[in-house]
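A.B. asks: Need the 3D shape of this:
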Amino acid sequence: MYQVFCDNKLIIDSRIDELAVVNPIVDVGANIAGSFTFTFPSVHPFINEINRLTSVVRVERDDEIIFQGFCSSDSFDIFGSRKITCEGDLSYLNDSI
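C.D. replies: Numbers count the residues shown, from 1 in each chain. So this is what the prediction gives:
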């Protein structure tokens, strides 16, 4: 079971069809910032909940945090779907200088 929270609000849940997303990919590892990419379908109820560079996104698997970061980019396609790319917490260090 996977869940995604945006500013502590549940926006994606693998058990609920209404909160499903397209092609979610989490890339994590030791000593890397990591990334999380997914696409909101145009009918998703929380398509506009994530704000670029300000919202904190957290991915949990069975109540264990596997990714935490912020939305670094987003784009809409011709069908109204929104592709989101998030960078991990270590990316904050790149922006601090």
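
A.B. asks: From now on I want contacts and neighbour counts done on CA atoms only, so please keep to that.
C.D. replies: Fine.

A.B. asks: avg pLDDT for the host helix or strand of residue 93?
C.D. replies: Take DSSP states H and E as the rule and residue 93 turns out to sit in helix 91-95. Taken as a whole, helix 91-95 has a mean pLDDT of 71.

A.B. asks: Pull the residues that contact it.
C.D. replies: Defining contact as CA atoms under 8 Å, 6 or more residues apart in numbering, one finds that helix 91-95 is touched by residue 33.

A.B. asks: Just the CA atoms of it, as PDB, please.
C.D. replies: Written as PDB, here are the backbone C-alpha positions of helix 91-95 (Å, rounded to 0.1, in the frame of the first residue of the first chain):
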ATOM      1  CA  SER A  91      18.200  19.000  -3.100                       C
ATOM      2  CA  TYR A  92      17.500  21.700  -0.500                       C
ATOM      3  CA  LEU A  93      21.300  21.900   0.000                       C
ATOM      4  CA  ASN A  94      21.800  22.800  -3.700                       C
ATOM      5  CA  ASP A  95      19.500  25.800  -3.300                       C
END
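
A.B. asks: And it, what's buried?
C.D. replies: residue 91 (16 or more other CA atoms under 10 Å).

A.B. asks: same check, this time on stretch 1-10
C.D. replies: 3-7.

A.B. asks: okay if I get the residues you listed as a markdown table plus pLDDT, secondary structure and distance to residue 32?
C.D. replies: A markdown table is the format used below for the buried residues of stretch 1-10 (pLDDT from 0 to 100; DSSP: H, G, I helix; E, B strand; the rest coil; distance: CA to CA, whole Å):
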| residue | pLDDT | secondary structure | distance to residue 32 |
| --- | --- | --- | --- |
| 3 | 95 | strand | 22 |
| 4 | 95 | strand | 20 |
| 5 | 96 | strand | 21 |
| 6 | 95 | strand | 22 |
| 7 | 94 | coil | 23 |
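
A.B. asks: Much appreciated, bye for now.
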